[in-house]
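S.K.: build me a model from this:
(2 chains)
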Amino acid sequence: MAGLWFDPSFDRARSGAEAPFVPLAERTIGSFDPSRLDLSPGRRLRVFATLVHCVDPVTGAVALRDTHHPFLVPDQPTSYGDLLQRVENEDGLAEVRQTLDTLPLRLGQPRPLLTALPEEHQWTARDPDLPPALQDLGDEVNEDVREALFAYDNPGRYYPGIDAGIDPVPDEHVKLVIWALQRELNRELRPQEGHYGGSPPLPAAPLAQLPWDIQRAVVERRRWRYGQWGIGRAEWECGVWSLWRVPLDPDYVPRRAQRLSPAAA
Amino acid sequence: MPATTVTPTITPTTDPSITPWPERFTDPARICPQQRREGASPDVAP
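M.R.: Have a look, this model is predicted:
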């Protein structure tokens, strides 16, 4: 399964070539997967679309993901955009609003939060990850790391950090985040599986070998990206985030989709 | 008479100085969706 992700066509929608593109605001609710390349705009709408799904195409009944109990049966198919407006405004959907106000930030086995470089690190098969509804956030962090790697070939490459709008990032935090990012990149080696079409996988990029100002810029961007999804220190500490703190940002399109989607070319 | 051996003058290799990074390292933006979410390292503060 893992090797399939190296197939460049895997993350494209199966029927995307034939079906006309319909933005999420107008798209009939089905099952939205933000990890597929999809140029639908709307920062909050994309998150919302990941959190709901249709459980009966005839009545248009919709439920929160991980449940099959509809919270709304509109008697006809409805669009993601219309449903978001209803959830935001209707008194009868206050309970759904409340659920979407307190969402878990981390999946996987609960672990102590890391505030300093661990003296000894035990490699594990999985570290905490963001929930699927925050796939776009994860992708933006990875796009920032990807852009930083061009410095291996051109150390003077322009790669700005964030000067305003975030709290200053101490050097120690830069080192911690770079370590954490490296932890995940190293996992790609997958020594216990190691079967990507018969050839060994490429090694992970050594992030600590990037110029220091670029390492710092990566970490500043990461803090800024979290903020773009309404997640700051307080949300991180309590492990809860809110859909309603994600800006509407109706023109937002993930950079990954812009870079890889044939329709964007 | 021993067989003649030919020593290659150029060893096939990947030269880091001329190979662009995507050919040297795994592209973090091409890993699987779950690992891209793990890559955000939510156990470390933003």
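
S.K.: correct me, but A:Asp153 touches B:Glu23?
M.R.: No - counting by Cβ atoms under 8 Å, B:Glu23 is not a contact partner of A:Asp153; they are 10.4 Å apart. All C-beta spots, glycine's among them, are computed from the backbone N, C-alpha and C.

S.K.: name the residue in these two with the higher neighbour count.
M.R.: Comparing A:Asp153 with B:Glu23 by neighbour count (other Cβ atoms under 10 Å in any protein chain shown), the higher total belongs to A:Asp153, at 15 against 11.

S.K.: residues contacting that one?
M.R.: Contact partners of A:Asp153, counting by Cβ atoms under 8 Å, 6 or more residues apart in numbering or on different chains, are B:Pro20, B:Trp21.

S.K.: distance of it from B:Arg30?
M.R.: 18 Å (Cβ to Cβ, to the nearest Å).

S.K.: break chain A into its domains for me.
M.R.: A:2-102, A:105-240 (automatic domain parsing).

S.K.: can you list the ones you listed in a markdown table and add mean pLDDT?
M.R.: Formatted as a markdown table, the domains of chain A follow (pLDDT from 0 to 100):
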| stretch | mean pLDDT |
| --- | --- |
| domain A:2-102 | 88 |
| domain A:105-240 | 90 |
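
S.K.: for B:Pro46, which of the ones you listed is the nearest?
M.R.: domain A:105-240 (3.6 Å; Cβ to Cβ).

S.K.: chain center to that closest one, what's the gap?
M.R.: Centroid separation for domain A:105-240 versus its chain: 12 Å, with Cα atoms, centre = their mean, to the nearest Å.

S.K.: in a helix, A:His121, correct?
M.R.: No - going by DSSP: H, G, I helix; E, B strand; the rest coil, the assignment for A:His121 is coil, not a helix.

S.K.: please report phi then psi for it.
M.R.: A:His121 adopts backbone torsions of phi -120, psi 130, taken as degrees, to the nearest 10.

S.K.: what helix or strand is the closest residue to it other than its chain neighbours on?
M.R.: Computed as Cβ to Cβ, 6 or more residues apart in numbering or on different chains, the closest residue to A:His121 that is not its neighbour in sequence is A:Arg183, at 7.3 Å. A:Arg183 is part of helix A:171-187 when elements are defined by DSSP states H and E.

S.K.: what about A:Gln182, how many neighbours?
M.R.: 17.

S.K.: list the contacts of it.
M.R.: A:Ala204, A:Pro206, A:Leu207, A:Ala208.

S.K.: mind redoing it with 6 Å?
M.R.: A:Leu207 (Cβ atoms under 6 Å, 6 or more residues apart in numbering or on different chains).

S.K.: over to A:Pro254?
M.R.: A:Asp136, A:Asp139.

S.K.: how near is it to chain B?
M.R.: From A:Pro254 across to chain B, the span is 11 Å (Cβ to the nearest Cβ, to the nearest Å).

S.K.: same thing with A:Asp139?
M.R.: Distance from A:Asp139 to chain B, by Cβ to the nearest Cβ: 6 Å.
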